[in-house]
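**Student:** sequence below, structure please.
(chains A, B and C)
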Amino acid sequence: MIGGIGYGGLVIALVTTLTAVITSLCGGRSRSAALIETARRAALITFPVLSLSILALLYLLASGRFEYSYVYQTTDLSMPLYLKLAALWGGQEGSLLFWCWLLAGFTFSVVARRWKTEVDLLPWVIAATSFTLLFFIILVLFFENPFSRYFITLDGIIKRAFFPPAMSILAKPTDGAGLNPLLRHFGMIIHPPALYLGFTGFVIPFAFAFAALVSGRTDDHWLKITRKWSLLAWLFLSLGLVLGSRWAYDVLGWGGYWGWDPVEISALMPWLTGTAYLHSAITQEKRRLFQHWNIALIVLTFCLVILGTFLTRSGMLSSVHAFSQSAIGPAFFVFIILMFSISFGLLLHRWSALRSENQIHSVFSRESAFLFNNLLFTALLLICLTGVLFPIFSELLTGQKVTVGPPFYESATAPLFGLLLLLMAIVPLTMWGVSTSRNLGRHLWKSALAALAVPLIVFLAGVRNWFALLAVWLVTLAIFTTVLDTYRTVTLRASNRQEPVRQAFGTLVRRFSRRYGGYLIHIGVALMALGIIGIEFFQTTTQGMLAAGETLSLSGYTFTYEKLEVTDNADGRNSARASVMIKRDNRELKRVFPGSDTYYVSQQSVTLPGVRSTLVDDLYVILVDWQPISSEGATFKIYRNPLINWLWIGSGVLVFGTLVALWPTTRRKNIPRTHQEEK
Amino acid sequence: MTTLPVFTQDPVNKAKKRFPYWMVIFGLLLVGLLITLGLWLKQSRQTGFEVGAEIPDFSITTFSGEHYQKSRMDGRVILLNFWSSWCASCEEEGAILEEVWREVKDSDDIIFLGVNYVDTENDAKAFLEKYGITFPNGPDMGSRISRLFKVQAVPETYLVDKDGRLAAVQIGPFQSADEIRAMLELAK
Amino acid sequence: MKRVLLVIWLFFLLIVQTPGYAQTEPPVSDDEVNRLASELYCPVCENVPLEVCPTKACAQWRELIREKLALGWNDEEIKAYFATQYGDQVLAVPPRRGFNWLIYLVPPLTLVAGILIAIRVIRKPKTIPAAQEVSNEGPCRMAAEDFISQIENDLEGVE
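**Tutor:** I've put the predicted structure just below:
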């Protein structure tokens, strides 16, 4: 019954979405108000209908209806309620349904809010979002149905279907297989939704770009409308990536946060182009530059979202993320061909209309800094794309399987990331339009000298790694110039207007929330870079087998293995917990409990590191192996990850900065507005 | 003074220009990417050889140094067994394979070849010794044979008939010696 | 001087000690094994470094590394051994030969292309606008610049 509601919702959504696609396309062409209105209503109704499907699936998950194959595969009786609900995105079918729902939600909010002002663009926006949505609904309905049930036929064969096959009875398992143990983590509850929100969020700027291309209204209008949408999508994508790193750090037990895994890179690629877009979009608004580049970039971003989803969801990439694979490959491939060729054809069609009206006049101006920023991000994208695709090329052309692992990415991207840090440091000192080397140089050299203080201290503290010192200098410089620029502007305003500094600061941040939000994001990124420098250059590790009472030492710390407890839990897992005392100079710092959970049903184990975390370093202890009976010897692997916490702190600052940038700007009333802004 | 950007409705430059050459390059790259993805999708969905398919040539050098090449063994039925020392279900299977091997080894028209799938030499040799396996076994250097047969997991067994065509496939371990005998019948 | 002596003495110790070590063949430590294992990939489970792979097979491969290290093989020999045994996918990066050069060419080519594009975009205007000439006239106008920057700040966000 409940499953029927869910399935029915999907069918209705299929019909409404198809209607929306057809009527919006026809309405857009004929400019018939009635057709456009139909398209709008169809697009609006899809979201509540899909919400019904989502609610139905959530209900099935929560109530443990194991005759539904999705419920059986992702939950079991012992799981707490929040995990049962989070199982919505714990498998392929649920994830895809969730995708549909988010897409419909974004479409709903944009259609509901912007209808009055954007009659030109909206039919095409509806066409683009609904077409994407239509494809995903088809995937869910015909390839990966979360509402299919188990039936046993007379020959004893178990079949998965929504409608009962002939001569069969419903199979009702009493308990489910349970969620993949690796996914039973708090980060897993928010990592996928954040990532999916980011992915699907880019559909809005994409759809407006598409609309601009089709309708020929290729001025800045589409870009201004979607400014906040793209920032919002970018926020969620960043959040998703960071949470994914954090989950990897906490659960996968390899002491790292990023493994240059093909799936991680698939999620990183749209982030790279999205970040480039956020920057170049500002350039277009301020200087009317890069028009064609911007529209191409946002189209590329969404194409990369789809490509990444295709690569990871169709099971073509094997990696730690390959939790769910299936036979949706060919359907997805057709969609990708359609999407890429339509986008590229439209860009080609409108290319000459998109010429920039302005030109860059100086290498030292802010717009050229943004140009370099875009070049660097594009280069990063190319490197990532090559790295992901090269093993495929190699296997197809030479028959030889190869791995493209971290050493390639690290050596290829590190200089680019360094240059990005440098740009981040320079940009507050540059100006729009005109700028000379002298202007820039005069401001820069003082800051550069001042920022040398930090690497100098680090050098005196004994660090002799020149690349690390350079990186620390760049990070310091970036933070320094950003703070300095803010300080100068604030004090200037305060003295000009006789305001208290705090009030001046408050007004500036509120009025130019994008600028100062952006600055905060930059500071966040610099802090994240600090964490990455720490772990990449200075991570130390050791491993050894210890008897109880024995000690391992690493970078001045000692780790004493005290005891091991192995218990059987009621929820079907066998847990081993060691207790290890961390000391420094014979002073007890913390007792940590690294361990491992083995789930009986799935025979899968999860490593649970014991971590002592401070702002200086993380001590990360993993129980690698142990002797179950004698409990005499246990093997531990220990990492010391210096500064890693700054990665998470920086991420927090980044998220906060994005929220500041998203905050509605307060404006002075006396300046005439040339164009009706959003809201 | 900074000028306020003025919103204009349609600043379109109507002059038709030729597409820049790099657009063409980009388009070609895009087509190349799509073709690659398509081919790869096709390949990743391909399963191993169908029964009746002609098996390409392959060769294996056993742990004891003998060299076997498929093209030089036409006229003999080849039973190709992929296994590993770290695979638990390969252990029982090894014993029953050996049992059948002893029945057929004197006839000159059947050969068993054990292909040691991604394994370490010492562990593999210890495994062979432990289960008293005497039919020829060798490492799959560079995983070439297992890639040829698109081996997903061990154990898998392929039977190649006298004409060099695939006669039967067993995915997963044999449960009994009779299953192996029945399979051998298929190549006759 | 004292320090120099110390260094010489340490060096001497090292020479004296080395053959002794070789004879007793100390067990290769986990750290040495892991160092090399982190540069190799599991041949079965794709994209999982051998160092962190939890399967029994991978434990065997780590033992193999230990054996080879104990035999005195160097890193390159062990990697080459793994590559011939299990295929090139066990190496963290494709070996630098033949077709694989393609991937090593991409980063430098990207760099060159990027520089070319930057030069093209920035050098395109041959007509220098009046604004630039104005800005170039005074070499040192700190206060004025700040003023401009402030105006600019104030106007930011106003479309």
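
**Student:** buried set for stretch A:433-445?
**Tutor:** By neighbour count with 16 or more other CB atoms under 10 Å in any protein chain shown, stretch A:433-445 contains the buried residues A:433-436, A:439-440, A:443-444. Using the backbone N, CA and C atoms, a C-beta is placed for each residue, glycine as well.

**Student:** which among those residues gets closest to chain C?
**Tutor:** Within the buried residues of stretch A:433-445, the smallest distance to chain C is 4.2 Å, found for A:Val434 (CB to the nearest CB).

**Student:** quick check: pLDDT value at the closest one.
**Tutor:** Note on A:Val434: pLDDT of 71.

**Student:** how about it, phi and psi?
**Tutor:** Here is the backbone geometry of A:Val434 (degrees, to the nearest 10): phi -110, psi 140.

**Student:** how near is it to B:Leu128?
**Tutor:** Distance, A:Val434 to B:Leu128, by CB to CB, to the nearest Å: 79 Å.

**Student:** one step back: go through the buried residues of stretch A:433-445 and name the one nearest A:Leu508.
**Tutor:** Comparing these against A:Leu508 with CB to CB picks out A:His443 as the nearest, at 19.4 Å.

**Student:** am I right that the closest one sits in a helix?
**Tutor:** Yes. Under DSSP: H, G, I helix; E, B strand; the rest coil, A:His443 sits within a helix.

**Student:** which element is residue 103 on?
**Tutor:** Went with chain A since none was named. Assessed by DSSP states H and E, A:Leu103 sits inside helix A:92-114.

**Student:** if you could check chain C rather than the one you did, that'd help
**Tutor:** Assigned by DSSP H and E, C:Ile103 falls in helix C:101-123.

**Student:** quick one: that helix near chain B?
**Tutor:** No. Residues of helix C:101-123 are not located near chain B by CB under 8 Å from any CB of the partner chain, the shortest gap being 9.4 Å.

**Student:** can you count the residues close to the closest residue to A:Thr74 other than its chain neighbours?
**Tutor:** Using CB to CB, 6 or more residues apart in numbering or on different chains and skipping the chain neighbours, the partner closest in space to A:Thr74 is A:Ala87 (4.0 Å). Neighbour count of A:Ala87, defined by other CB atoms under 10 Å in any protein chain shown: 28.

**Student:** intersect the buried residues of stretch A:433-445 with the contacts of chain C.
**Tutor:** Near chain C, by the rule CB under 8 Å from any CB, you find A:433-436, A:439 out of the buried residues of stretch A:433-445.

**Student:** mind listing which of the residues you listed are in helices?
**Tutor:** Among these, the members found in helices (DSSP state H) are A:Asn439.

**Student:** buried set for the longest helix along chain B?
**Tutor:** Criterion DSSP H: the longest helix present in chain B is helix B:21-45. Buried residues in helix B:21-45, defined by neighbour count with 16+ other CB under 10 Å: B:26-27, B:37-38, B:40-41, B:44.

**Student:** before we move on, back to that, gap between the following helix or strand past the helix holding A:Leu103 and the chain center?
**Tutor:** As assigned by DSSP H and E, the chain's next helix or strand after helix A:92-114 is helix A:122-138. Its chain's C-alpha centre and that of helix A:122-138 lie 22 Å apart, by CA atoms, centre = their mean, to the nearest Å.
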